[in-house]
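>>> here's a sequence, model it:
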Amino acid sequence: MNKALLLLFMLLYGINSFSQSAKVEIERNKLVSDITIKIENSGKELVKDKMFTLQEMGFEANSPGGFSAAKVSQMTEVATAMKMFKKDKVINYDIIIKNSRYPKPFYGKIAFFNVFRKSEMDAVARYREISIDESYFTSATRGRVAITYEYATLTGAFGKTAKWPTWIIMMSDEPF
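Numbers count the residues shown, from 1 in each chain. As a prediction, this is how the structure comes out:
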């Protein structure tokens, strides 16, 4: 009897793991903040309310299967994100952010992430909506780094939930 329960548990766990590993690529993206984001070394810009695809911008998204849930939950912390971005463990791009309320530009990095099949109906998984609240600009002054992101909710084994980012932006008023 115990072997049958163990086998059933392993089968259900395997199905759950497989369904999470099936990725869904997010095709459409939109900048909704009243700012511009220039992609360094490409001359391309993201402007408010104009939809774009990663392909037309020359971007790649990080696959959800490449990271553990624990690493992803830490990735939204500045110190962990800085290490992962600098060591190229995350595909990311250098950006310059212009906000008309500030005389100087902000410098940063952006990374995009696809989601798991289980999260595809989550509102943010239909398309990425890039928005930077004014408080992040205030926090990213005097050389400090602010991190902002959007996430889909991932429900894993045993009903545990995690925030899975669809994009992450790190920014500062000083290059880093």
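
>>> who does the lengthiest strand in the chain pair up with?
If you go by DSSP state E, the chain has its longest strand at strand 161-172. In the sheet, strand 161-172 lines up against strand 106-112 (antiparallel), strand 146-155 (antiparallel) (DSSP bridges).

>>> and among the ones you listed, the most buried is which?
strand 106-112 (a mean of 23; mean count of other CB atoms under 10 Å). Yep, even glycine has a C-beta here, placed from its N, CA and C like the rest.

>>> elements contacting the helix or strand containing Tyr136?
In this structure, Tyr136 sits in helix 134-139 according to DSSP states H and E. Applying 3 or more CB pairs under 8 Å, 6 or more residues apart in numbering; DSSP states H and E, we find helix 134-139 packed against strand 146-155.

>>> distance from the chain centre to the strand it packs on, please.
6 Å (CA atoms, centre = their mean, to the nearest Å).

>>> what is the rounded mean pLDDT of it?
If you average the pLDDT over strand 146-155, you get 84.

>>> and for stretch 163-176?
91.

>>> so which bits of it are buried?
Trp164, Pro165, Thr166, Trp167, Ile168, Ile169, Met170, Met171, Ser172, Asp173 (16 or more other CB atoms under 10 Å).

>>> make CSV out of the strands paired with strand 161-172 and add distance to Met82.
CSV is the format used below for the strands paired with strand 161-172 (distance: least, CB to CB, whole Å):
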stretch, distance to Met82
strand 106-112, 9
strand 146-155, 9
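
>>> out of these, nearest to Phe137?
With distances scored as CB to CB, the stretch of the strands paired with strand 161-172 nearest to Phe137 is strand 106-112 (6.7 Å).

>>> so what touches that closest one?
Strand 106-112 is contacted from outside by 26, 29, 37, 54, 59-62, 85, 90-99, 128, 137, 140, 165-176, using CB atoms under 8 Å, 6 or more residues apart in numbering.

>>> so where is the protein shaky, pLDDT-wise?
Within the chain, the segments meeting pLDDT under 70 span 1-23, 65-70, 72-73, 116-126, 155-158.

>>> just the strands in it please.
23-24, 28-31, 36-39, 45-47, 51-53, 93-98, 106-112, 115-116, 128-130, 146-155, 161-172.

>>> pretty sure Glu40 contacts Ile95?
Yes - with contact defined as CB atoms under 8 Å, Glu40 counts as touching Ile95 (6.4 Å).

>>> ok, these two, which is more surrounded?
Counted by other CB atoms under 10 Å, Glu40 and Ile95 do not tie: Ile95 has more neighbours, with 21 against 14.

>>> that older thread, Asp49: which of the strands paired with strand 161-172 is closest?
Evaluated over the strands paired with strand 161-172, closeness to Asp49 peaks at strand 146-155, with 16.3 Å, by CB to CB.

>>> extract the CA atoms of that closest one and return them as PDB.
Listed next in PDB are the C-alpha coordinates belonging to strand 146-155 (Å, rounded to 0.1, in the frame of the first residue of the first chain):
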ATOM      1  CA  ALA A 146      16.300  50.800  -7.300                       C
ATOM      2  CA  ILE A 147      14.800  47.600  -8.700                       C
ATOM      3  CA  THR A 148      11.300  47.400 -10.100                       C
ATOM      4  CA  TYR A 149       9.500  44.500 -11.700                       C
ATOM      5  CA  GLU A 150       6.200  43.000 -12.800                       C
ATOM      6  CA  TYR A 151       5.300  39.400 -12.000                       C
ATOM      7  CA  ALA A 152       3.000  36.500 -12.700                       C
ATOM      8  CA  THR A 153       2.000  34.300  -9.900                       C
ATOM      9  CA  LEU A 154       3.200  30.700 -10.100                       C
ATOM     10  CA  THR A 155       1.500  28.000  -8.100                       C
END
